[in-house]
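Visitor: Pasting the sequence and the predicted coordinates here, then a few questions.
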Amino acid sequence: MFKMSAVLGRLKRGVQAVVDEYKISRPLKAQKHEIDAVLDFFCNFKDFRSLSSCAKNTGLDIDLCAQIKHHLYEQRKLGLYYFEADSPPQKYMRKFILERFPQITANSGILEVGPGENPVFPVAEYPNWFGVDKYLQDGVIDFKEQAWAKNKYPVNRILKGGWENLTDACKSTGLTGKFDIVVGSHSFEHVFKPIQSLVEANRMLRAGGLLVLFVPDGLTDDINTKDPTHTMYIVPDMMNEFFNCAGGFKDISIEQFRPNADLVITAVKI
């Protein structure tokens, strides 16, 4: 009897998934003000963004919220592919930094933590770039059973280490306390010691140097931003408390980078 109920339960869930997909796949029938309301919700709502909370806060039917959300993702108004379909976002991260902080130039001292396969700053274009990656192993970045960045980085420019131990990892560079910017693209959310990690980043920077973090938005319901290797899902209040505990930074800013996908966090070393 138990086995039969389990099978029926799985069948019911399967049928519901087909029904839900059908609902989302139908031609969108929504007025402009309804689309605008859902877009505003997923861009600006300051609590957990789910379809149920979308319906509650916009006054729209939950199925209509789902259809509009799907439409907005297809139009790249929300989500990881906000800038460009099927493309790494690092060039847009770099563009954001260079436009917001024109003091960062091709000759700036750059420390990138967790560059993986796609660094924010290409090593060939930035001669004072150094990378630190805790998954570096025998010349490749071994992460999630994938060998990333094979022969991508010169051996003297990529170091083994993580946010929590930047001081030790970067001893050989002689640049502790001299970097103009410390940057991480979707690496900070993997740390076990977030406050210590901010302290370490601060030690690597010169006075007035920049810390820039791109992290998943902890308030989104976007399944593409969820990962079992994440140790935390970051929200602004959380980061502000981490900075308060770590000390040593000013001009802290936390804002959306890709709506309903990730945040960009910037701070200046005092």
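Guide: Structure received. Computed from a predicted structure; not experimentally measured. Numbering: from 1, shown residues only.

Visitor: can we go C-alpha only for contacts and neighbour counts from here?
Guide: OK.

Visitor: Now do the helices in this protein.
Guide: Secondary structure of the chain (DSSP state H): helices at 2-25, 32-44, 51-58, 62-74, 90-100, 166-169, 194-204, 236-246.

Visitor: Can you give me the buried ones in stretch 98-105?
Guide: Within stretch 98-105, the residues scored as buried using 16 or more other Cα atoms under 10 Å are residue 104.

Visitor: try stretch 151-163
Guide: Those would be 152-153, 158-163, for stretch 151-163 by 16+ other Cα under 10 Å.

Visitor: Rebuild those residues as JSON lines, extending it with pLDDT and distance to residue 40.
Guide: Shown next, in JSON lines, are the buried residues of stretch 151-163 (pLDDT from 0 to 100; distance: Cα to Cα, whole Å):
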{"residue": "152", "pLDDT": "89", "distance to residue 40": "40"}
{"residue": "153", "pLDDT": "92", "distance to residue 40": "41"}
{"residue": "158", "pLDDT": "94", "distance to residue 40": "41"}
{"residue": "159", "pLDDT": "94", "distance to residue 40": "42"}
{"residue": "160", "pLDDT": "95", "distance to residue 40": "42"}
{"residue": "161", "pLDDT": "96", "distance to residue 40": "40"}
{"residue": "162", "pLDDT": "96", "distance to residue 40": "36"}
{"residue": "163", "pLDDT": "98", "distance to residue 40": "34"}
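
Visitor: in this protein, which residue is closest to the centre?
Guide: Most central in the chain under Cα atoms, centre = their mean is residue 215, positioned 2.8 Å from the mean C-alpha point.

Visitor: pretty sure that residue is touching residue 183, no?
Guide: No. Between residue 215 and residue 183 there is no contact under Cα atoms under 8 Å: 11.0 Å.

Visitor: any common contacting residues for those two?
Guide: Between them, residue 215 and residue 183 share no contacting residue under Cα atoms under 8 Å, 6 or more residues apart in numbering.

Visitor: how about the strands of the stretch 101-250 of the chain, start to end?
Guide: Applying DSSP state E, counting those that start in this stretch to the stretch 101-250 of the chain gives strands spanning 110-113, 129-133, 136-137, 140-143, 146-148, 158-160, 179-185, 205-216, 249-258.

Visitor: To residue 44, which of these lies closest?
Guide: The closest of the strands of the stretch 101-250 of the chain to residue 44 is strand 249-258. By Cα to Cα, the value is 8.9 Å.

Visitor: Just name whatever secondary elements the closest one is in contact with.
Guide: helix 236-246, strand 262-269 (3 or more Cα pairs under 8 Å, 6 or more residues apart in numbering; DSSP states H and E).

Visitor: Isn't residue 160 up against residue 139?
Guide: No. Counting by Cα under 8 Å, residue 139 is not a contact partner of residue 160; they are 9.9 Å apart.

Visitor: mind listing what residue 236 touches?
Guide: residue 254.

Visitor: what does residue 81 give?
Guide: Residues near residue 81 by Cα under 8 Å, 6+ apart: 73, 87.

Visitor: what do you get if the cut-off is 7 Å, keeping everything else the same?
Guide: Under the criterion of Cα atoms under 7 Å, 6 or more residues apart in numbering, residue 81 has no neighbours.

Visitor: so how far is residue 216 from it?
Guide: 13 Å (Cα to Cα, to the nearest Å).

Visitor: who touches both of the two?
Guide: The contact sets of residue 81 and residue 216 do not overlap (Cα under 7 Å, 6+ apart).

Visitor: pLDDT value on the nearest residue to residue 165 once chain neighbours are set aside, please?
Guide: Spatial nearest neighbour of residue 165, excluding adjacent residues (Cα to Cα, 6 or more residues apart in numbering): residue 200 at 6.7 Å. On the pLDDT scale, residue 200 is placed at 98.

Visitor: before we move on, what about the one 4 residues further on?
Guide: For residue 204, the pLDDT comes out at 98.

Visitor: thought residue 214 was touching residue 185?
Guide: Yes. Between residue 214 and residue 185 there is a contact under Cα atoms under 7 Å: 4.9 Å.
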